[in-house]
Every structure is written in C-alpha cells, then in structure tokens.
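> Sequence and predicted structure, then a few things I'm wondering about:
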Amino acid sequence: MPEQYPASETLLPTLEEATLEVGRDFLYRVHLEIHRAMGFPPLPRGAVERAYGMPIPHRTLAKARLTPERAWEKALARFRELRARGYPLGGREVRALASAAVDRWYALGLVEDRARAQALRNFLAGFLRAHPALPERAPKTPEEAKALLRLRDAEARALEWAVEHLAEHVQALREATRHGVAEALMGAVGRYDSPEAAARQLLDRFGTLNRDWRRVAITEAAQAHAAGFLAAMVGQEVEWVAAQDACPYCARYHGQRFMVVSPDHPNKDFGRHLWPGKTNVGRSFHPYTATGKRRGEGELAGPAIPAHPHCRCRVVPVVGRTAYEDLEAQRRIRALLGLA
C-alpha cells in the first residue's frame, strides 16, 4: 500500500491506531470468549493475525483464562448442560451465548468510555496543532476542553458531536457483533459443521467486523482531528493536501485553498469554506440520481475533511505550514494527550 502520510507526519497515524484499538480489542475478546466456549480447536496464528491486522503475541484463540460474570456464567452453564446431555444446541442458546459474551466484554472493556475519551483526544490533537503554546494539562471532558481552550459554543458543539458520534459507532459495533456471532454459530450448528469448519466461519465473521470497524476508526479519527484543527483556524486560510493514493475526487482539490469559518457563520459557502464538523454525509459525489435526475447544488458532495469514508486527505495552514509538520511539536502533543 502506498504511504498515506509524509514521513514527517506521526500524529495522525497514531490517532487512527488508537481509535482502531477501541473496537478491535472488544472484537478480539468476544471472539476469544466464544471460541473457548464452543470448544473449537486452535486456529493458525497467522490467520488470526491477518483477520485483525495485528500480531497476537501471548495468546491464541484456544488459550485464555478469564473470570466470567453472572450473565455469562448463566449462558455458559446452559450451553454446557446441553452438551453434557448430548442434546443439540438450539438457536435460543446460541443467541444467549452470543449476547452474553458481547455484553460482558462491552462492559468490561468500558468501550463507550474509551471511545469518548479517544474522540476527545482526536479533536484536541487537531486543535493543539494550531497552537504553539500547549496547555499545562489536557482536558478530560468536552466541558473542560471548552473552558480551557476557550471554545465558542459552535466549536464546542462540533467537539461534542465528534465525541458522541464515535460512541454511537461503538454501540452499532456491539449490535453488529451480537448479530454476526449468533448468525455464524447458528449457521454452523444448523449445518452440523465440524468444529474446525465452525471455527473458520467465526474467524471470517470477526475478520469482516474488524475490517468494517477499521473504516469507521480511520474516518472518525480524521473527522474529529479535522474538527479540532479547523476550530483553531477560524478566520484563516488553509490548503488542501491530498493523500498519496487519493481518489480522483480528492486529488482535484490538492493545492486548493479554503477559508475557515465558524459553524454558525451566516453565509457559509459549501464549495469555498471549511468549518468544524463539516461533512459530506447525506450528499453524493455523483451529479445524477439513479433515475437520471440531476442533483441540485445542495445535494452534491464538496470539500470536507474527511471527504468520504477512509479518506486520509488533510488541510494545512497557508501560513506556518512547516510548524504544522514539526516533529517536536507532534511529540509534545502526543505526550500531553497520553498517546503511545
């Protein structure tokens, strides 16, 4: 894959990875729990690592010792009882097992709290890149950020939107995982699949869930970071920098300049202005609908960071561009925000 960012850029990839980890860790833990409960045989480590896009250093899907909670124990006890008696596992038991594992790790992993905290870091990282003088401490909540960084109400709303939007996405991930696990296991049980075949089906399902989450994590990290950066750049001009593997739509904006305005600016121009929280959600890149009707100006996508899912384009200050990519400044921001 071509390099997405210039060599001087270290902060955005870190934010992407930290956001990705919130959902990936949850998915892996649920996968581990279900795999052990079903008594599936070990999977090749390489296959698991490819599904999650990360090394699995000290554990495999066949080995883990976790302390079960009440709901999980109830579902697991019922499952073991049926197996011990030689009864076939029913759909109800499969769904209960899937739901218990998902809910257990969603709570144990503090997934929503982690998502909100990471979205706040993503926003702050963008905001602080425009400020050479960093605060002594990092705000822990959107309310603290508003006071400490002196955000206007409109910019504070952009921050709150970024935080709650990522929280909404992890809630959707929980439901998708619940459904995906139950569907994969019910299919395997209904077909009388071998344990090896059932384990492969489950791995494939979690691989898909992880790929979907990766798209969300990259897009949301970019959206929150851009919102923070633009909140600090209101009234200034920025230049579009297309990713090295940018799509034709984004590539045409490379080098173009845009004025940054407040989200509540009375005369925002979608084609000429950028503002915190601006997205192309609800807009289309295609000038015509499926029925051949030409879309109006208010229906067409325009310049926004990110412009689309998986977009890695960015904007930089027209003045002070070198400072924006300064490695020492990025190091200080990472230390302040507790980014690895």
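Received, thanks.
> pLDDT at M1, what is it?
Among the per-residue scores, M1 shows a pLDDT of 33.
> other SSEs contacting the one helix or strand G228 maps to?
In the assignment (DSSP states H and E), G228 maps to helix 195-232. The contact analysis (3 or more CB pairs under 8 Å, 6 or more residues apart in numbering; DSSP states H and E) places helix 195-232 against helix 11-38, helix 45-52, helix 111-128, helix 153-190, strand 314-317. Where C-beta positions appear, they are placed from N, C-alpha and C, glycine not excepted.
> what domains does the record give for the chain?
What automatic domain parsing lists as the domains of the chain is 11-231, 234-321.
> Quick one: closest of those to Y5.
Among those, domain 11-231 comes nearest to Y5, with 6.0 Å by CB to CB.
> tell me the mean pLDDT over that closest one?
Domain 11-231 comes out at a mean pLDDT of 86.
> May I have the distance across it, first residue to last?
End-to-end distance for domain 11-231, by CA to CA, to the nearest Å: 18 Å.
> what's around L134, how many residues?
As a burial measure, L134 scores 15 neighbours (other CB atoms under 10 Å).
> That one contacts L128, correct?
Yes: in terms of CB atoms under 8 Å, L134 counts as a neighbour of L128; the distance is 5.8 Å.
> Mutual contacts of these two, please.
333, 336 (CB atoms under 8 Å, 6 or more residues apart in numbering).
> Surely F123 and A224 touch.
Yes: counting by CB under 8 Å, F123 touches A224, with 4.6 Å between them.
> which neighbours do the two share?
Common neighbours of F123 and A224 (CB under 8 Å, 6+ apart) are 162-163.
> Distance-wise, check the spatially most central residue of the chain relative to A226.
The centre of the chain sits closest to A217, judged by CA atoms, centre = their mean, with a distance of 1.8 Å. Separation of A217 from A226 (CB to CB, to the nearest Å) stands at 15 Å.
> coming back round to it: and the next helix or strand past the helix holding G228?
strand 237-241.
> so what does that next one touch, helix or strand wise?
strand 257-260, strand 314-317.
> Flag every buried residue along the very next helix or strand once past that strand.
Once strand 237-241 ends, the next helix or strand along the chain (criterion: DSSP H and E) is helix 248-251. By neighbour count with 16 or more other CB atoms under 10 Å, helix 248-251 contains the buried residues 249-250.
> Quick check: mean pLDDT of helix 248-251?
The model assigns helix 248-251 a mean pLDDT of 91.
> Stretch 267-276 now?
94.
> Quick one: residues in contact with it.
154-155, 158-159, 226-228, 230-231, 234, 238, 258-263, 265, 297-298, 302-305, 315.
> Please indicate which of those are buried?
Buried among the contacts of stretch 267-276 by 16+ other CB under 10 Å: 154-155, 158-159, 226-228, 230-231, 234, 238, 258-263, 302-305, 315.
> between the domains of the chain, which one is nearest to R334?
domain 11-231 (6.5 Å).
> what's the offset of that closest one from the middle of its chain?
With CA atoms, centre = their mean, to the nearest Å as the basis, domain 11-231 stands 9 Å off its chain's centre.
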